[in-house]
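Undergrad: Sharing a model that was predicted from the sequence below.
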Amino acid sequence: MKNFMKEINVFKVDRRSFLKTSSIGATGLLLGVQFGCDSKKLFGDPNANFSPNVYLNINGTGEVSIIAHRSEMGTGIRTSLPLIVADELEADWSKVKIVQAVADKKYGDQNTDGSYSVRMFYTPLRRAGAAARMLLEQAAANEWQVDVSECKAQNHEVVHSSGKAFGFGYLAEKAALLEVPAEDAIKLKSPADFKYITKKSSICDLEDIVTGKAGFGLDTKIAGAKIAVVQRPPVAGGSVKSFNGDAAAAVPGVTNVVKLESTPFPAGFASPLGGVAVIADNTWSALKGREALTIEWDNGPHADYSTAEFEAEMMANANKKGNVRREQGEVANALKSSTNVIKADYRVPHLSHSPMETPCAVANFKDGKVEVWAPVQDPQTTRAAVAAAAGLDEENVTINVTLLGGAFGRKSKPDFVVEAVLLSRENGTPIKLLWTREDDLRHDYYHSNCAQHVEVALDKSNNISAWLHRSVLPSIFGTASPAKEASGLEISMGMIDLPYNTGSICCETQEAPTKIRVGWLRSVANINHTFAVGCTLDEVAESRGVDPPQNLLDLLGEDRQIDFPSLAAEFWNYNEEVADYPWDTGRFRNVIEQVRDQSKWGKSMPAGGGMGIAAHRSFLTYVACVVEVQVTDGKIKIPNVYYTIDCGVAVNPDRIKSQFEGGAAFASSLALKSEITVKNGVVQQSNFDDYLVARITDAPYNTEVQIVDSNEKPTGVGEPPVPPFIPALCNAIYAATGQRIRKLPIEIV
Amino acid sequence: MASFNLRINGKSETVDVDPAMPLLWVIRDFIWLTGTKFGCGISQCGACTIHMDGNPVQSCVMPVSAFEGKEITTIEGISENNDHPVQLAWIEEQVPQCGYCQSGQIMTAVALLDRNPNPSEDEIDKVMDSVLCRCGTYHRIKKAILKASKS
């Protein structure tokens, strides 16, 4: 990642080879951008190569087409990235057409995950737009036979200082004949001249959404398609021992009953669970047919997995000495010598992503090729998984990315697409595969449950002298290999990245096997760790007799950049070098101070009301959050939430705000409502009547988002809202009721 | 199987289906109106909300047989030029994120305002509590309904 700026390259595209695989325009100016920033490379894939990441075309009519190569799941990314190009290009946004990319390595990183789309593409896309703008200006200068310095692109035309102008459409073919500016000659706009970046703008799919025309996973119309639903093994790693599909086949409309093979656990993030599929002319028949199946299961080795016992065991282990992952100073001594030690246990259950659109896919396997339409976060991994499962070369696999009806990490795993492809091949027809809500909740890649133990010692000067944090969780990576302990990545999310001055510190983990599919859910292990850390800090404030915001500022100390890699060898900076994205306590301090003022911290609250604060840096964005609660007869209402965030340049402020408004609501579900439990390997929840999520009356009534004005590099906004909200809410409940919250979902007693 | 004459968005449609088939699957699989969404199948999330004679119903549980002689309206039928006051308010407030639940939200809001043109915030909450949004657009939904109620 270091010096990646130097690797950005804007170039003209060989039209013939490009058109083979793209629906973007064929005439005019066609540019690609190439830069060496690919998450697979960052994860050490030696085969990763430098690929162009985006394409831009201006045709003779002046229409600008921009490839959106990332997946739209509600963040507005399909709008925000093209907006960056359009701004540098001086394009009229109303003349920009956004073309969704299919899965193809030529687009570079398409894995829409980890809150890094804007972070990774901001500069390359600006350069692409700027290069095109300069070509158009040069083309106009040549036409007028004047110096290019007299020509300026503005609002879809190039204007000469004399006032005459050419439209982009007129100039496009002429610009295409010119040499692309050298890398060091590309001139970016001054931020003061931005027209779209940092300004309010509509998402490009808005009108389609409010009229019901937006195309999600199952909205693709394809002639001759059959509908499929699958009964999957109730226990992860189980398989079909025997089945009888006669009654299912007898249901009117059912046309086929097909067994799908299971892969032993851990099967990774792409393998379907197996089971028995019912294929029918329509959805209702498929569902009725599935109900009529008789299946005997081999439950495999994980039928012993029950969360009640497992989580109790994790908690017992969290109370024992573990494996040290970060250590400075003598924690044990400091704890022993202190007369003021705070001790607490924190529990988080498994959680489900449950996007409103369940996993689904349309697949058409025909003549040794397969075409897919599906809501996937990671198109290229989907393509590779489909190719591997179907025994095809990737070039015979086309993945069309539809809109995603929410995802939150679930749709980065393409198991459901592979199911649809295998069934299309088996059935010889196109297949539309539906997961019901029950399928979704019982066969997710769940957020890892977690047991934590925290001990904090205060010394005689009222400073922290020891910080002991133990976390026990089944690792995400245990879904792919027999990993037994939290990875460096997971402990870098809110545990070993503690920025406060604590005298001494020890962070420990313990083994916990992964016995169900565990995956990443919006903000991942930050959910667990920030809950424990944020609540503990509120106890520290109370013990120190200091107002909670001031407590955070006191512990943070002087503004500085923390060299975490020297403190904890496994520190993971969200795939970035610390030199490029330092851990800056000054920016952290600033959001804490700002949110304190924004929320009018300390104002008087009605009876049963309280305020709580927490702050956290995740996905390189600094977030401080104040939550107000009103607790009446054990019922929690959240009238107001205040966020101050520093995410660098705020590319699309309204979508940043909407991510934080929505993030607070999403976190409300996790804090107040949601819990997945497992008994004898079987998930006990089945639908929204027993897996509860926040409704309009549960979610915050008002969420106010203040964005720090910044020229720093842009960083993530999809996930960072979630982590600090939960401890801020818990701390507010404490302020309102005197009850400390140590377990999610919250229960008022 | 039985034949049903349905009135959907002012047009007649004839389908030959199981009388127990929920209307959701009739309109999605047979009539190809895909704006109405599946979310739960048990009337818990409201993504499938449509109007039956102007009243909001959750089409994932209501059988097609219940709709004979009734006027069915889906998201595709609430305005001719995409300019229903609720749609306009939705655009103005930039409500949607992923958009998947929004048909159900809008259909529920339209029915609410038809019945109660000036709902209080509490009345909005009470009605809109039936429609889930995982992206968390609730706050803007409420603002958009209040805005539409004033137009």
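TA: All right, it came through fine.

Undergrad: Over in chain B, which residue gets nearest chain A? Let me know.
TA: Nearest to chain A in chain B, going by Cβ to the nearest Cβ, is B:Gly35, at a distance of 2.1 Å. The way it works is simple: take the backbone N, C-alpha and C, and place the C-beta from them, glycine included.

Undergrad: Who are the contact partners of that residue?
TA: Shown in contact with B:Gly35 (Cβ atoms under 8 Å, 6 or more residues apart in numbering or on different chains): A:211-213, B:74-76, B:103.

Undergrad: between these, which is closest to A:Glu179?
TA: Distance to A:Glu179 across these (Cβ to Cβ) is lowest for A:Lys213, with 42.1 Å.

Undergrad: Under a three-state scheme, what state does that closest one occupy?
TA: At A:Lys213, secondary structure determined by DSSP: H, G, I helix; E, B strand; the rest coil is coil.

Undergrad: And for it, the neighbour number?
TA: A:Lys213 has 15 neighbours, counted by other Cβ atoms under 10 Å in any protein chain shown.

Undergrad: Once you drop chain neighbours, what's closest to it?
TA: Spatially, and ignoring its direct neighbours in sequence, A:Lys213 is nearest to B:Gly35 (6.8 Å; Cβ to Cβ, 6 or more residues apart in numbering or on different chains).

Undergrad: What separation is there between that neighbour and A:Gly662?
TA: As judged by Cβ to Cβ, to the nearest Å, B:Gly35 and A:Gly662 stand 22 Å apart.

Undergrad: so which strand or helix has the residue of chain B closest to chain A?
TA: Using DSSP states H and E, B:Gly35 maps to neither a helix nor a strand.

Undergrad: That one and B:Gly104: what is the separation?
TA: Going from B:Gly35 to B:Gly104 by Cβ to Cβ gives 10 Å.

Undergrad: just to revisit the earlier point, need the pLDDT of the residue of chain B closest to chain A.
TA: On pLDDT, B:Gly35 comes in at 98.

Undergrad: And the furthest pair within the contacts of B:Gly35?
TA: Largest pairwise distance in the contacts of B:Gly35, by Cβ to Cβ, is 11.8 Å, between A:Lys213 and B:Thr74.

Undergrad: what's the closest non-adjacent residue to A:Lys343?
TA: A:Glu455 (5.0 Å).

Undergrad: Local confidence estimate at residue 95?
TA: Defaulting to chain A. Confidence score, pLDDT, at A:Lys95: 94.

Undergrad: The chain in question should be chain B.
TA: B:Val95 is given a pLDDT of 98.

Undergrad: got it, and A:Glu183?
TA: For A:Glu183, pLDDT reads 82.

Undergrad: Repeat that for A:Thr382.
TA: With respect to pLDDT, A:Thr382 has a value of 98.

Undergrad: Can you give me the distance of it to A:Pro653?
TA: 32 Å.

Undergrad: more crowded one of those two?
TA: Set side by side, A:Thr382 and A:Pro653 show more neighbours around A:Thr382, with 30 against 16, by other Cβ under 10 Å.

Undergrad: For that one, what are phi and psi?
TA: Here the main-chain torsion angles of A:Thr382 (degrees, to the nearest 10) amount to phi -60, psi -50.

Undergrad: could you pull out the strands for chain B?
TA: Per DSSP state E, chain B carries strands over the ranges B:2-8, B:11-17, B:49-52, B:55-58, B:71-73.

Undergrad: Please identify the deepest-packed of those strands.
TA: strand B:49-52 (a mean of 25; mean count of other Cβ atoms under 10 Å in any protein chain shown).

Undergrad: Would you mind pulling the contact partners of that strand?
TA: Residues outside strand B:49-52 that contact it (Cβ under 8 Å, 6+ apart): B:23, B:27, B:36, B:56-59, B:62, B:66-67, B:70-75, B:103-104, B:107-108, B:110-111, B:130-131.

Undergrad: Let me have the strands of chain B in a markdown table, adding distance to A:Thr402 and mean pLDDT as columns.
TA: Formatted as a markdown table, these follow (distance: least, Cβ to Cβ, whole Å; pLDDT from 0 to 100):
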| stretch | distance to A:Thr402 | mean pLDDT |
| --- | --- | --- |
| strand B:2-8 | 24 | 97 |
| strand B:11-17 | 25 | 97 |
| strand B:49-52 | 22 | 98 |
| strand B:55-58 | 24 | 98 |
| strand B:71-73 | 25 | 98 |
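
Undergrad: Make TSV from the ones you listed and add distance to A:Thr436 to it.
TA: As requested, the strands of chain B are arranged in TSV below (distance: least, Cβ to Cβ, whole Å):
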stretch	distance to A:Thr436
strand B:2-8	24
strand B:11-17	19
strand B:49-52	18
strand B:55-58	15
strand B:71-73	24
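
Undergrad: quick one: which of these is nearest A:Glu371?
TA: Of those, the one closest to A:Glu371 (Cβ to Cβ) turns out to be strand B:11-17, at 28.5 Å.

Undergrad: Output the contacting helices and strands for that closest one.
TA: For strand B:11-17, the packing partners by 3 or more Cβ pairs under 8 Å, 6 or more residues apart in numbering or on different chains; DSSP states H and E come out as strand B:2-8.

Undergrad: what's the angle between the strand it packs on and strand B:11-17?
TA: If you take axes from the mean of the first three to the mean of the last three Cα atoms, to 10 degrees, strand B:2-8 sits at 150 degrees to strand B:11-17.

Undergrad: Mind giving me the packing neighbours of strand B:2-8?
TA: Using 3+ Cβ pairs under 8 Å, 6+ apart, strand B:2-8 sits against strand B:11-17, strand B:71-73.

Undergrad: Just send those strands back as a markdown table, with distance to A:Asn323 too.
TA: As requested, the helices and strands packed on strand B:2-8 are exported to a markdown table (distance: least, Cβ to Cβ, whole Å):
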| stretch | distance to A:Asn323 |
| --- | --- |
| strand B:11-17 | 60 |
| strand B:71-73 | 61 |
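
Undergrad: Relative to A:Ile77, which of those strands is closest?
TA: Nearest of these (Cβ to Cβ): strand B:71-73, 32.7 Å.

Undergrad: Check what pLDDT the residue of the stretch 351-500 of chain A found nearest chain B gets.
TA: Closest approach between the stretch 351-500 of chain A and chain B, counting by Cβ to the nearest Cβ: A:Gly405, at 2.9 Å. If you check A:Gly405, the pLDDT there is 98.

Undergrad: In contact with the residue nearest to it when sequence neighbours are not counted, which residues?
TA: Closest residue to A:Gly405 apart from its sequence neighbours, by Cβ to Cβ, 6+ apart: A:Glu357 at 2.4 Å. Counting by Cβ under 8 Å, 6+ apart, A:Glu357 touches A:216-217, A:375, A:404-406, B:37, B:39, B:98, B:100.

Undergrad: Quick check: of those, which lies closest to A:Gln739?
TA: Taking Cβ to Cβ as the measure, A:Gln739 lies nearest A:Gly406 of those, at 32.3 Å.

Undergrad: Disregarding residues adjacent in the polypeptide, which is nearest to the closest one?
TA: A:Pro355 is the one closest to A:Gly406 (Cβ to Cβ, 6+ apart), at 3.0 Å.
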